[in-house]
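Would you be able to build a 3D model of this:
(4 chains)
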Protein chains: 2
Amino acid sequence: MLSVIEILADCRLFTAVPAKSFQRLAAMARLAKFRKGQMIFRENEDCPGVYVVGKGMVRVFKTGAGGKEHVLHIVEAGGTFAEVAALGGFKVPASAEAVEATLCALLPQPLFRKALEEDHPLCLGMLSGLSLWVKHLVGLLEDVVLRDAAGRIANYLLDARRTADGAVALPSLKRYVASHLNLTSETFSRTFRRLIDAGLISIGKKNHVLIVAPERLRSVAQGILPKV
Amino acid sequence: MLSVIEILADCRLFTAVPAKSFQRLAAMARLAKFRKGQMIFRENEDCPGVYVVGKGMVRVFKTGAGGKEHVLHIVEAGGTFAEVAALGGFKVPASAEAVEATLCALLPQPLFRKALEEDHPLCLGMLSGLSLWVKHLVGLLEDVVLRDAAGRIANYLLDARRTADGAVALPSLKRYVASHLNLTSETFSRTFRRLIDAGLISIGKKNHVLIVAPERLRSVAQGILPKV
DNA sequence: TCCGAATCTTGATCTGGATCAATTGCGGCA
DNA sequence: TGCCGCAATTGATCCAGATCAAGATTCGGA
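Predicted structure coming up:
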């Protein structure tokens, strides 16, 4: 079982946080466990604090009219969510659900804000963490607006974290990846197939994707559609 | 002619910044003037610093394959742009152009970062400013992904700042509003007309829009399409 | 090992908004 | 006042991706 210290130490958002501030965070954190499929919070609830994922996977999504969902973010070990609402002190703007059994460290909102107010290096670290998150969001927006289906998938694959053998591991359900890219799973499946048939990628074991032709994939991501 | 002090004082991002820190910002700022149509910077250039608009209008946009543009943000007096790149220290992720003759205060990047490092209250103020910006971006994303054309326009009108008489003043060119909502100007025009015909809004003098039926407009924004 | 349920794939059809193509309207200027 | 040029409107058509509808796989559990 992971400890809060281990979880926090493994989190990108806090890499820039000096040891002393880190101690303080570790002291306030408590563990939060979620079953597969369990809702962590719903849109518009009060923000419990900053969640840091230690193990498992969480999807953060907005729900629109008619129950249509859009996955804003798929958070795996080392990632955080609800940071923004915790910082700004407003209601959470989206819902979060554990996609698999998940273990998080939770930094409770009031303590966390107090720490920020008193701890300047922590504050700085969070600023640069947040600016990365903004950059990511702008990237997402760019994706949805300026790229077609193939471009979005290509871009996603190129940006995704690789496993040791250079493959991309898709998060559990393809459906969630599709929603993240604002595609239906049908369109995702079809477009994926086209990329395979065109020889740009190939499928390995257990949801692992090999990038066969990175250059060509890159040009697809830039909007040059694959001919066939 | 506006002074840097006046410009900064009128800026939302710095409302939470205490007087002393404010002085420091004012001291480092310099004025930057742009002609109508002038490019301020282009995607991927080094970030000159934080721009605060005092007068005029700036559009911040990304360019995709085939020259297609998407307006991320229309910045008017009191708004800022390039803050994120300045904070994070990376290249600007989008281009900026003055839509009309524009006067900005520029907080040069190295001085600004130095101030952040030394000034904790400033840092805190920026954190809450940034978190609002993230919220805005998530809203944008939600818009593009979960709403149809009418819903986006309705939502835009409801969120926009009102003039004294309760009307919404559209930024100079409708075309830019359309792009901001990820619509072509043709679709924007048509959908706008439908909202007028349905009696939800009406057009006043000089690009001013009156919201006739706020309730019904709100339900359109939530995805209940106007029947006719 | 086998079963059942959920996910994924594949095919056929539909549609919102884009694109292409004229007009029409308006603001600035001599 | 009348012309010029850009922006907005309006109409006709097109298309990427959604939706609807079956099958084919995959995987957890007994």
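
And for the nearest residue to A:L157 once chain neighbours are set aside, the neighbour number?
Setting aside the residues directly before and after it, A:L157 is nearest to A:V168 in space (Cβ to Cβ, 6 or more residues apart in numbering or on different chains), at 5.4 Å. All C-beta spots, glycine's among them, are computed from the backbone N, C-alpha and C. The tally of other residues near A:V168 (other Cβ atoms under 10 Å in any protein chain shown) stands at 19.

A:V168: what's it in contact with?
A:V168 makes contact with A:157, A:160-162, A:208-209, A:211 under the criterion Cβ atoms under 8 Å, 6 or more residues apart in numbering or on different chains.

can you give me the helices in chain A?
Using DSSP state H, the helices found in chain A span residues A:4-9, A:19-28, A:83-88, A:109-118, A:120-146, A:149-159, A:174-180, A:185-197, A:214-221.

which secondary structure elements does the last one contact?
The criterion is 3 or more Cβ pairs under 8 Å, 6 or more residues apart in numbering or on different chains; DSSP states H and E, and the helices and strands that helix A:214-221 contacts are helix A:149-159.

one step back: where does the residue nearest to A:L157 sit relative to DNA strand D, distance-wise?
A:V168 sits 16 Å away from DNA strand D when distances are taken as Cβ to the nearest atom of the strand, to the nearest Å.

From chain B, how far off is that residue?
In this structure, A:V168 lies at 23 Å from chain B, with Cβ to the nearest Cβ, to the nearest Å as the measure.

Just the pLDDT for that residue.
Among the per-residue scores, A:V168 shows a pLDDT of 86.

and if you look at A:L225?
The score at A:L225 is 47. That number is its pLDDT.

Kindly report the same for A:V228.
Confidence per residue is given as pLDDT, and for A:V228 that number is 33.

For ChimeraX, write the select line for the buried members of the contacts of A:V168.
To isolate in ChimeraX the members of those that are buried, counting by 16 or more other Cβ atoms under 10 Å in any protein chain shown, one can use:
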select /A:157,160,209,211
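
ok, the contacts of A:V168 vs DNA strand C, which is closest?
Proximity of the contacts of A:V168 to DNA strand C (Cβ to the nearest atom of the strand) peaks at A:V209, which lies at 10.6 Å.

Report how many residues lie close to A:L195.
The burial metric for A:L195, expressed as a neighbour count using other Cβ under 10 Å, is 23.

what residues are up against it?
For A:L195, the contacting residues are A:150, A:153-154, A:201, A:217, A:220, A:226, taking Cβ under 8 Å, 6+ apart as the criterion.

Repeat that for A:L210.
Taking Cβ under 8 Å, 6+ apart as the contact definition, A:L210 lies against A:166-167, A:201-204.

Tabulate the contacts of A:V168 (TSV), appending distance to DNA strand D and pLDDT.
Written out in TSV, the entries for the contacts of A:V168 read as follows (distance: Cβ to the nearest atom of the strand, whole Å; pLDDT from 0 to 100):
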residue	distance to DNA strand D	pLDDT
A:L157	16	92
A:A160	19	86
A:R161	20	81
A:R162	20	83
A:H208	11	86
A:V209	14	90
A:I211	20	91
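
Please identify which of the helices of chain A is closest to B:G37.
For those, the distance to B:G37 is smallest for helix A:120-146, at 22.7 Å, taking Cβ to Cβ.

Let me know whether that closest one sits next to chain B.
Yes - for helix A:120-146, a contact with chain B is found by Cβ under 8 Å from any Cβ of the partner chain, at A:120, A:123-124, A:126-128, A:130-135, A:137-142, A:144-146.

does DNA strand C sit close to that helix?
No - counting by Cβ under 7 Å from any atom of the strand, no contacts exist between helix A:120-146 and DNA strand C, the nearest distance being 9.3 Å.

Using neighbour counts, pick out the buried residues of that helix.
A:120-134, A:137-138, A:140-146.

interface residues of chain A facing DNA strand D?
Taking Cβ under 7 Å from any atom of the strand as the contact definition, chain A meets DNA strand D at A:68, A:148-150, A:182-184, A:186-187, A:191, A:206-207.

switch to 10 Å and redo it
Selection of chain A residues close to DNA strand D by Cβ under 10 Å from any atom of the strand yields A:36, A:66, A:68, A:100, A:144, A:147-153, A:172, A:178-179, A:181-191, A:194, A:203, A:205-207, A:225.

Only whichever of those are buried, select them in PyMOL.
Selection of buried members from those for PyMOL, criterion 16+ other Cβ under 10 Å:
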select buried, chain A and resi 100+144+147+149+150+151+152+153+178+179+181+182+183+188+191+194
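
So what touches stretch A:110-128?
The set of residues that contact stretch A:110-128 without belonging to it, under Cβ under 8 Å, 6+ apart, is A:13-18, A:20-21, A:24-25, A:28, A:49-50, A:83, A:86-87, A:89, B:87-89, B:116-117, B:120, B:123-124, B:126-127, B:130.

and the residues you listed, which are buried?
The neighbour-count test (16+ other Cβ under 10 Å) applied to the contacts of stretch A:110-128 identifies A:13-14, A:17, A:21, A:24-25, A:28, A:49-50, A:83, A:86-87, B:87-88, B:116, B:120, B:123-124, B:126-127, B:130 as buried.

related to what we said a few turns ago, what subset of the contacts of A:L210 is buried?
Among the contacts of A:L210, those classed as buried by neighbour count (16+ other Cβ under 10 Å) are A:167, A:201.

Show me the contacts of A:L210 that map onto strands.
Using DSSP state E to define strands, the subset of the contacts of A:L210 located there is A:201-203.

any idea how chain A splits into domains?
Taking automatic domain parsing as the reference, chain A has its domains at A:4-144, A:148-221.

Take those domains and lay them out in TSV including distance to B:L8.
Output for those, formatted as TSV (distance: least, Cβ to Cβ, whole Å):
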stretch	distance to B:L8
domain A:4-144	19
domain A:148-221	37
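
And these: which comes nearest B:E6?
When the domains of chain A are ranked by distance to B:E6, counting by Cβ to Cβ, first place goes to domain A:4-144 at 26.3 Å.
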